[in-house]
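Peer 1: predicted structure and sequence below. I'll ask about it afterward.
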Amino acid sequence: RKEVEQDPGPFNVPEGATVAFNCTYSNSASQSFFWYRQDCRKEPKLLMSVYSSGNEDGRFTAQLNRASQYISLLIRDSKLSDSATYLCVAPAYSGGGADGLTFGKGTHLIIQP
Amino acid sequence: EAQVTQNPRYLITVTGKKLTVTCSQNMNHEYMSWYRQDPGLGLRQIYYSMNVEVTDKGDVPEGYKVSRKEKRNFPLILESPSPNQTSLYFCASSLFPGTVKRDQYFGPGTRLLVL
């Protein structure tokens, strides 16, 4: 399987700051990507999907750069509740079609008061 | 409420004692999958199922079995558990397995300790 790579962090960021982190993927056939958020000892939950060049949802912006094969997640006006691990996800392909998701190992974000 | 449920949530067992972790979803999803999550290794796919009676290996299938006799259920079976299968296990399901809408819904996780 092709891999998805992320900086594990931790990223320590003061409350109210803007933080961005990237994820690189190696499978150029991937068409859609996802950012999941995972709180400690909990299940991952979908944060954003990225199908074209980018997607914005409130304080969160996800961007896709196909030429360089990376996805970024930008969080503006960060809140204490944004502290979590952020997982970058790309489809996994084999043979004739998509057969699952490949998860990055996650980037740990800590928002400090 | 749309959800994925797993049972048990916590399990301590001994080497060699067969166990089954159940997974059920009420969203009529075709695609279901099992992952294990270990520190430093992230989420790794064990098995997945595209539909009833259709299952395939993921990245780390050794030591595991699955079945998909009904659309809503996808149990994970450890025939002879070993300590290296101590992990946090997640079941997930998705509505569109073959298109761009592949966001998955995860169950709450099962913490397994094999002594």
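Peer 2: Structure received.

Peer 1: neighbouring strands - and their directions - for the longest strand seen in chain A?
Peer 2: Counting by DSSP state E, the longest strand found in chain A is strand A:84-94. Strand A:84-94 sits in its sheet next to strand A:33-38 (antiparallel), strand A:97-103 (antiparallel), strand A:107-112 (antiparallel), going by DSSP bridges.

Peer 1: so where's the chain shaky on pLDDT?
Peer 2: Reading this off chain A. Applying pLDDT under 70 to chain A flags the ranges A:1-2, A:93-100.

Peer 1: wrong chain, I was asking about chain B
Peer 2: In chain B (pLDDT under 70), the answer is B:96-103.

Peer 1: repeat that for 80
Peer 2: Within chain B, the stretches with pLDDT under 80 are B:95-103.

Peer 1: so where do the helices sit in it?
Peer 2: Using DSSP state H, no helices are found in chain B.

Peer 1: compare the strands paired with strand A:84-94 and give me the one nearest B:Asn28.
Peer 2: strand A:97-103 (19.5 Å; Cβ to Cβ). For the C-beta atoms, the positions are set from N, CA and C on the backbone; glycine is no exception.

Peer 1: would you reformat the strands paired with strand A:84-94 as a markdown table and include mean neighbour count?
Peer 2: Putting these into a markdown table (neighbours: other Cβ atoms under 10 Å in any protein chain shown) gives the following:
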| stretch | mean neighbour count |
| --- | --- |
| strand A:33-38 | 22 |
| strand A:97-103 | 22 |
| strand A:107-112 | 18 |
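
Peer 1: so which of these gets nearest B:Thr20?
Peer 2: For B:Thr20, the closest of the strands paired with strand A:84-94 is strand A:97-103, at 22.0 Å, according to Cβ to Cβ.

Peer 1: which stretches of chain A form strands?
Peer 2: For chain A, the strands defined by DSSP E occupy A:4-6, A:11-14, A:19-25, A:33-38, A:45-50, A:54-57, A:60-65, A:70-75, A:84-94, A:97-103, A:107-112.

Peer 1: these: which one's closest to B:Ala92?
Peer 2: B:Ala92 lies closest to strand A:97-103 among these, at 8.4 Å (Cβ to Cβ).

Peer 1: any buried residues in the longest strand along chain B, and which?
Peer 2: For chain B, the strand that runs over the most residues, judged by DSSP E, is strand B:42-51. Across strand B:42-51, burial judged by 16 or more other Cβ atoms under 10 Å in any protein chain shown covers B:Gly42, B:Leu43, B:Arg44, B:Gln45, B:Ile46, B:Tyr47, B:Tyr48, B:Ser49, B:Met50.

Peer 1: between those, which is nearest B:Gly63?
Peer 2: The closest of the buried residues of strand B:42-51 to B:Gly63 turns out to be B:Ile46 (Cβ to Cβ; 9.0 Å).

Peer 1: quick one: residues contacting that closest one.
Peer 2: With contact taken as Cβ atoms under 8 Å, 6 or more residues apart in numbering or on different chains, B:Ile46 is in contact with B:Ser33, B:Trp34, B:Tyr35, B:Arg36, B:Gly58, B:Asp59, B:Val60, B:Pro61, B:Tyr64, B:Val66, B:Leu76, B:Tyr89.

Peer 1: distance of the third one from chain A?
Peer 2: So the one you mean is B:Tyr35. Distance, B:Tyr35 to chain A, using Cβ to the nearest Cβ, to the nearest Å: 8 Å.
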